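Enquirer: Predicted structure and sequence below. I'll ask about it afterward.
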2 protein chains.
Amino acid sequence: MARDEMIAFAAEFDPQPMHLDEAAARATMLGGLCASGWYACCILMRMCAEAFVLDSRSMGAPGVDDVKWLVPIRPDDQLHLRATVIETRASASRPSMGFVRFAFELFNGQGERVMTLTTSLMMGRRSATGGGA
Amino acid sequence: MARDEMIAFAAEFDPQPMHLDEAAARATMLGGLCASGWYACCILMRMCAEAFVLDSRSMGAPGVDDVKWLVPIRPDDQLHLRATVIETRASASRPSMGFVRFAFELFNGQGERVMTLTTSLMMGRRSATGGGA
C-alpha cells in the first residue's frame, strides 16, 4: 500500500482526516493514517482481477453481501489475499451462467486479517448441462 | 458519471471488458459500457462526504452490510443519492460513540434505482448520557 496512492484515492473519494493526513489521523480513534475502506475494496478487486477474474468467464457480480474492515490498513502494509469458494450453483433463469460465492480475506504482513468480503460472482459455465459453475 | 473517469478507474482497479471498452462491452451481458460497481461505491462515498460526513463527527464504519448493483450505470448518467437513517444506537463499549445505520439508494436521471447500500456509520454522540447517536 503506497502512501501517496492511498492519500490520492482518499482525496478523490473519501476525504476524511484519518485517510488524508498523518497528524490529523493520530487524533482519531484509528490512531494514525490508514487507508479508506473503499480503497481496500478497490485493491482487493484489482488483486482478484490479476489473480483469476481476467482469466475467467467472469460476468460481473450482482452486489456484495458483506464487507468487514477489521484492522486499519497502514501505508507500506504488504497485503495478501485468500479467496475461498464457499458455494457454486447454476442460474435458474440463465443456464449458461453460474454463481460462485467467494469469501475473500485480506491479511497484512504481520498475518493479521485486516478485511473480509463475501460476494457471489457470475461466471460462464463450461456446459449448460454440466455440474459446477 | 464522466466517461473518461469511469474508464480510468476501471483501468486501475477493475479492468474487465464491460468497464473499459464500448465495443467489447456490447458483447457482454450488460450490453454496453458501464461503471464498475466499485466505482459506484466510491462515487456514493464522495456524495456522502460532501453531503454530510465531513460536517459530522464521523468516525468511519466497521464495514458494509449489503451492496446491490441493480441497473448498469452508464457514461453521462446523472446520479442522485437518497440517504435514510434506519436505526441509531449507542455503542456499549464506547459511550461517546453511536452507530447510525443508513440505507443509501442511488438513482439515475430516469429515476431508476441503480444501486443500494446499507451500512452503519460510527459517529460521535452529542452527550454520553443523551438519547440518540
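Expert: Looks like it came in fine. What you see is a predicted model; the values in this text were computed from it and never measured. Numbers count the residues shown, from 1 in each chain, chains lettered A, B, ... in the order given.

Enquirer: only C-alpha atoms for contact and neighbour calcs from this point on.
Expert: Will do.

Enquirer: Helix, strand, or coil at A:Ala11?
Expert: helix (DSSP: H, G, I helix; E, B strand; the rest coil).

Enquirer: what's the neighbour count on it?
Expert: A count of nearby residues for A:Ala11, using other C-alpha atoms under 10 Å in any protein chain shown, gives 15.

Enquirer: cool, the one 3 residues further on as well?
Expert: By the other C-alpha under 10 Å criterion, the neighbourhood of A:Asp14 contains 29 residues.

Enquirer: can I assume A:Gly109 is in contact with A:Leu79?
Expert: Yes. Between A:Gly109 and A:Leu79 a contact is recorded at 6.4 Å, counting by C-alpha atoms under 8 Å.

Enquirer: For the two, indicate the residue with more neighbours.
Expert: Using other C-alpha under 10 Å, the more surrounded residue of A:Gly109 and A:Leu79 is A:Leu79, with 21 against 11.

Enquirer: The more buried one: what's it in contact with?
Expert: Residues in contact with A:Leu79 (C-alpha atoms under 8 Å, 6 or more residues apart in numbering or on different chains) are A:Met1, A:Leu106, A:Phe107, A:Asn108, A:Gly109.

Enquirer: What distance do you get for the first one to B:Lys68?
Expert: Distance, A:Met1 to B:Lys68, using C-alpha to C-alpha, to the nearest Å: 28 Å.

Enquirer: Just the helices from chain A, written as ranges.
Expert: A:3-13, A:17-20, A:22-26, A:37-51 (DSSP state H).

Enquirer: Please identify the deepest-packed of these.
Expert: Comparing the helices of chain A by mean neighbour count (mean count of other C-alpha atoms under 10 Å in any protein chain shown), helix A:17-20 ranks first with a mean of 24.

Enquirer: Which strands and helices lie in contact with that one?
Expert: helix A:3-13, helix A:22-26 (3 or more C-alpha pairs under 8 Å, 6 or more residues apart in numbering or on different chains; DSSP states H and E).

Enquirer: What lies in contact with the first one?
Expert: Think helix A:3-13. The contact list for helix A:3-13 (C-alpha under 8 Å, 6+ apart) reads A:16, A:19-21, A:35-36, A:39, A:75-76, B:42-43, B:45-46.

Enquirer: now the shortest one
Expert: The set of residues external to helix A:22-26 that reach it, using C-alpha under 8 Å, 6+ apart, is A:Pro17, A:Met18, A:His19, A:Gly31, A:Gly32, A:Leu33, A:Cys34.

Enquirer: Name the nearest residue to the second one, ignoring sequence neighbours.
Expert: Counting by C-alpha to C-alpha, 6 or more residues apart in numbering or on different chains, the nearest residue to A:Met18 once its immediate chain neighbours are dropped is A:Ala25, at 3.9 Å.

Enquirer: Show me which residues of chain A are close to chain B?
Expert: A:12-16, A:28-29, A:37-38, A:41-43, A:45-46, A:49, A:54, A:59, A:61-70 (C-alpha under 8 Å from any C-alpha of the partner chain).
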